[in-house]
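>>> Would you be able to build a 3D model of this:
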Amino acid sequence: MRGSSTPSVRGPGQIQIIVNVSSRETRIAVLEDRDLVEYRVEREERVVGSIFKGVVQNVLPGMDAAFV
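You can find the predicted model right below:
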């Protein structure tokens, strides 16, 4: 429906998370249906002793992992 002001409703698509790690930085790209929706670059920092606050989104007991 071209030209319509009604927002389109879209079902869940395929989500890919691509991570590239080097000695100095980590690059993360999030793709939804092959479209880039988020891109982050994290440079090496000292995180020892740092405190982070987050919300657990999912827990995978078999991997002893949590998604925050």
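>>> nearest residue to the most centrally placed residue in the chain other than its sequence neighbours?
When CA atoms, centre = their mean is applied to the chain, the residue found nearest the centroid is residue 30 (5.3 Å). Of all residues not flanking residue 30 in the chain, residue 38 sits nearest, at 4.0 Å (CB to CB, 6 or more residues apart in numbering). Backbone N, C-alpha and C define where each C-beta goes, glycine included.
>>> Just the pLDDT at that neighbour, thanks.
What the model reports as pLDDT for residue 38 is 92.
>>> any idea how far it is from residue 17?
Note on residue 38: its distance to residue 17, by CB to CB, to the nearest Å, is 9 Å.
>>> sorry, back to before: for the residue nearest to residue 30, grab the count of nearby residues.
When neighbours are counted by other CB atoms under 10 Å, residue 38 registers 10.
>>> Tell me the predicted confidence for residue 11.
Note on residue 11: pLDDT of 61.
>>> Overlap in contacts, residue 38 and residue 17.
28, 29, 30 (CB atoms under 8 Å, 6 or more residues apart in numbering).
>>> show me where the chain has strands.
15-21, 25-32, 35-43, 58-60, 65-67 (DSSP state E).
>>> Take these and lay them out in JSON lines including distance to residue 51.
As requested, the strands of the chain are arranged in JSON lines below (distance: least, CB to CB, whole Å):
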{"stretch": "strand 15-21", "distance to residue 51": "23"}
{"stretch": "strand 25-32", "distance to residue 51": "20"}
{"stretch": "strand 35-43", "distance to residue 51": "17"}
{"stretch": "strand 58-60", "distance to residue 51": "21"}
{"stretch": "strand 65-67", "distance to residue 51": "16"}
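>>> Looking at those, which one is packed in the most?
Burial of those is given as mean neighbour count (mean count of other CB atoms under 10 Å); strand 25-32 ranks first at a mean of 14.
>>> Run me through the strand neighbours of it, direction for each.
strand 15-21 (antiparallel), strand 35-43 (antiparallel) (DSSP bridges).
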